[in-house]
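Q: give me coordinates for this.
(chains A and B)
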2 protein chains.
Amino acid sequence: MLNFKFKNPTKIVFGKDTISTIGSEIADFKVKKVLLVYGKGSIFKNGVYDTAVSSLKNNNIDFLELSGIKANPLLSKVKEGINIVKENNIDGILAIGGGSVIDSSKAISAGACYENDVWELFEGNGKLLNALPVFTILTLSATGSEMNFGGVITNELEGKKWAFGSPLLYPKVSIIDPSIQFTLPKIQTVNGAVDIITHVFEAYFDGVKNTDMIDELCEGIIKTVIKHSKILITDPKNYNSRCELAWASTLALNGLTGVGRHGDWASHDIEHSLSVFNDISHGSGLAIIMPAWMKYVYTCDTAKFAKMAKNIFNIQGDNNETLALNGINELQNFYKYLGAPTTLKEVGVKFEDINTIANNASLLSPMGSLKKLEKQDIQKILQIAFE
Amino acid sequence: MLNFKFKNPTKIVFGKDTISTIGSEIADFKVKKVLLVYGKGSIFKNGVYDTAVSSLKNNNIDFLELSGIKANPLLSKVKEGINIVKENNIDGILAIGGGSVIDSSKAISAGACYENDVWELFEGNGKLLNALPVFTILTLSATGSEMNFGGVITNELEGKKWAFGSPLLYPKVSIIDPSIQFTLPKIQTVNGAVDIITHVFEAYFDGVKNTDMIDELCEGIIKTVIKHSKILITDPKNYNSRCELAWASTLALNGLTGVGRHGDWASHDIEHSLSVFNDISHGSGLAIIMPAWMKYVYTCDTAKFAKMAKNIFNIQGDNNETLALNGINELQNFYKYLGAPTTLKEVGVKFEDINTIANNASLLSPMGSLKKLEKQDIQKILQIAFE
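A: Alright, predicted model coming up:
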């Protein structure tokens, strides 16, 4: 186990009928006026908007709105939010949505307190010294953004989908009411499950040794996700399974799975470049990219892939090579069972696009920890992922 | 899963050679003068005292000392600490030790800001509105006190060993350098392992259903503790195993194993009364009491005890009753293997003392969640524990 520091100050309020507490939670922080950020408007259908707004009003918290955040959220929208905040004395952000909305809200929170262009922070230039408090009501369990300090935004002008993080951006309070996910389209539950599993494997397969305790947590999260996402694709209103998936999702990327190790994150970096050029969801991209990455790199730590096969997929055997390959295969089979795509071809990517995607991803190369990937490695992974 | 709130703001600094950072961590909180609280002086032998004091001096942090905190820490000592703090303008507490030292430090931190007798808070009277910041350097992984807000103190005049907690008492920063545990006497490592396992089972066996994700974490912690405590009793300087045990210990009682459920805690309550009258360590007491409690209550949730047998001890079988009993037996065998006592008789308790212990524990009855225990239940559990 490597030396580490861990601190996560986000308050989680979890369970049925908790959304109506958002106003008092925000009032505890003396915030007077929030920017309410959301997506396409599903929060009107499921009643979340009304409950939240009424709670804000009951607590005398004023608000303006920024709607229309889309999947793979855009920098232009973030900048629109920053302008609204600056022009209206807004002192807090309330995100109601999934990872795209929360990530956009974090970027707005940072950008509103940063004197230059907020994209500088994504480029690794500049230092964030202050941020507005972010509050969230989670409507889709997937990214873990409700309890971490990071976010991913697409700079559509420059064709870059990049991440940024700062301890200033931990949400102050996140409300997770799993019952509001009853009405999610099946594909969103599936994408969420894939995203959660991928987050955990990004930590798990980084080549760092002596990580038993954290591996136990990692394996436990994935087993929970597999069990309950299978239930939810046929019984989407199963409250217990919604709870299990939701809490697994938060634990998967709140820092706990990453302590004492580096993490790999190459699959995420490659997927980001894939979805810069192709309008596919992050979850679909990850279902395609990570198993291909696994097939390309597993020989760097065959024993660990064999451990996955045994402990997560309950595959028996003595030969690590066989176990490793069977484990990867079983992961792909599970994704197919859920209905997630597993090849680039399926989602309409052409073979000749691979070079463009690899070029874009290689802006961040060398990437990864288990195996340091250069452009030619990324190309090969994309070729494996093709069909 | 039940509704829950979770927030744990403690910063953990984990790993080799991290103790020398304590001064700058404390300075970040603008604290100028700490009360340095410790036990019998092992911190002089292993160099921790010198490293910490030198770090305080380098950061211009003044300090006074309170030494001699013993296992099952006493209220009189807490009051001595409170007086020193009040008389000397001390604005922070630095605990260097295990759970007894940290719990005492939390009580001092609370008592120094509370206008009446600090014991009122343990009695459940009065409300804590402020507390001094507590910092810790952990020297024994066992209680989890380094990352939670609770503590247990013995009021020796009234014969009560009771708990108190407040979110104000989360340590601000806890430093965990597992390498300083190389020189612990074997029995302390063993007691720590038993304490960790018991904390997890107090959460695990509370009768609340639909707790898959948290059960995975619980089982993972216990499997890690079993594996690495076995290593450490023959190879106490194994750094990797010290790390695994240390992080498992912190995770076992930092709130994560308790979300979405009640917890039981009857075994802890009974053990506290046992060690009020008998000078035995908390770990030894728990090794004796919890398996006896299990034998008395398992029929309230036989399937869960069978799950423990299968998932933790890898016992095969179809009959839940048999699995449950074999699982409990295996836990006791593991404690015996470590060298922990498993009967009251072994630690010198007389059969006729059972009534006195049960009387004391029943001050808190009904206790427990899986089965509500009254005095006669506690007596029966102590009888089972006798030999």
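Q: what's the first helix or strand after the helix or strand containing A:Thr322?
A: Assigned by DSSP states H and E, A:Thr322 belongs to helix A:320-338. Using DSSP H and E, the helix or strand that follows helix A:320-338 towards the C-terminus is helix A:354-361.
Q: quick check: residues of the stretch 101-250 of chain A near chain B?
A: A:210, A:212-214, A:216-217, A:219-221, A:223-224, A:227-228, A:240, A:243-244, A:247-248 (C-beta under 8 Å from any C-beta of the partner chain). Using the backbone N, CA and C atoms, a C-beta is placed for each residue, glycine as well.
Q: ok, which stretches of the stretch 201-350 of chain A are helices?
A: Chain-ordered helices for the stretch 201-350 of chain A, with DSSP state H, counting those that start in this stretch as the definition, fall at A:212-232, A:239-252, A:266-277, A:282-297, A:302-311, A:320-338.
Q: weakest of the ones you listed by average pLDDT?
A: Per-stretch mean pLDDT for the helices of the stretch 201-350 of chain A is lowest at helix A:266-277 (a mean of 94).
Q: which elements pack onto that helix?
A: In terms of contacts (3 or more C-beta pairs under 8 Å, 6 or more residues apart in numbering or on different chains; DSSP states H and E), helix A:266-277 is packed against strand A:150-155, strand A:160-165, helix A:186-204, helix A:282-297, helix A:354-361, helix A:375-386.
Q: can you redo those as a markdown table with mean neighbour count and distance to B:Asn46?
A: Compiled in a markdown table, the helices and strands packed on helix A:266-277 are given as follows (neighbours: other C-beta atoms under 10 Å in any protein chain shown; distance: least, C-beta to C-beta, whole Å):
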| stretch | mean neighbour count | distance to B:Asn46 |
| --- | --- | --- |
| strand A:150-155 | 22 | 38 |
| strand A:160-165 | 20 | 37 |
| helix A:186-204 | 25 | 32 |
| helix A:282-297 | 26 | 42 |
| helix A:354-361 | 20 | 49 |
| helix A:375-386 | 20 | 46 |
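Q: which among those is found nearest to B:Phe334?
A: helix A:186-204 (27.3 Å; C-beta to C-beta).
Q: got the buried residues for stretch A:341-351?
A: A:341-344, A:347, A:349 (16 or more other C-beta atoms under 10 Å in any protein chain shown).
Q: quick check, nearest of the residues you listed to chain B?
A: Using C-beta to the nearest C-beta, A:Thr342 is the member of these that sits closest to chain B, with 25.9 Å.
Q: what's near enough to touch that closest one?
A: With contact taken as C-beta atoms under 8 Å, 6 or more residues apart in numbering or on different chains, A:Thr342 is in contact with A:287-288, A:291, A:332, A:335-336.
Q: what's the most distant pair in those?
A: A:Ile288 and A:Lys336, at 11.4 Å, using C-beta to C-beta across these.
Q: which residues sit against the helix holding A:Thr322?
A: Under C-beta under 8 Å, 6+ apart, the answer for helix A:320-338 is A:190, A:193-194, A:197, A:226, A:229-230, A:233, A:287, A:291, A:294-295, A:298, A:302-303, A:305-306, A:308-310, A:312-313, A:315, A:317, A:342.
Q: how far does that helix sit from the chain's center?
A: In terms of C-alpha atoms, centre = their mean, to the nearest Å, the centre of helix A:320-338 is found 22 Å from the chain centre.
Q: let me know the angle separating it from helix A:186-204.
A: 160 degrees (axes from the mean of the first three to the mean of the last three C-alpha atoms, to 10 degrees).
Q: in helix A:320-338, what counts as buried?
A: For helix A:320-338, a neighbour-count test (16+ other C-beta under 10 Å) marks A:320, A:323-332, A:334-335, A:338 as buried.
Q: save the buried residues of stretch A:341-351 as TSV, and put in pLDDT too.
A: TSV is the format used below for these (pLDDT from 0 to 100):
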residue	pLDDT
A:Pro341	97
A:Thr342	96
A:Thr343	97
A:Leu344	97
A:Val347	95
A:Val349	96
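Q: can I get those in CSV with distance to A:Ile357?
A: Shown next, in CSV, are these (distance: C-beta to C-beta, whole Å):
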residue, distance to A:Ile357
A:Pro341, 15
A:Thr342, 17
A:Thr343, 14
A:Leu344, 9
A:Val347, 12
A:Val349, 8
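Q: between which two of these is the distance greatest?
A: A:Thr342 and A:Val349 (12.6 Å).
Q: what's the closest non-adjacent residue to the residue positioned nearest the centre of chain A?
A: Nearest to the geometric centre of chain A sits A:Thr143, at 2.3 Å (C-alpha atoms, centre = their mean). Distances taken as C-beta to C-beta, 6 or more residues apart in numbering or on different chains put A:Gly99 closest to A:Thr143, at 2.9 Å, once the chain neighbours are dropped.
Q: identify the residues contacting the helix or strand where A:Thr136 lies?
A: Element membership of A:Thr136 [criterion: DSSP H and E] is strand A:134-138. Here strand A:134-138 makes contact (C-beta under 8 Å, 6+ apart) with A:19, A:22, A:25-26, A:34, A:48, A:52, A:92-98, A:102, A:105-106, A:109, A:145-146, A:169-177, A:246.
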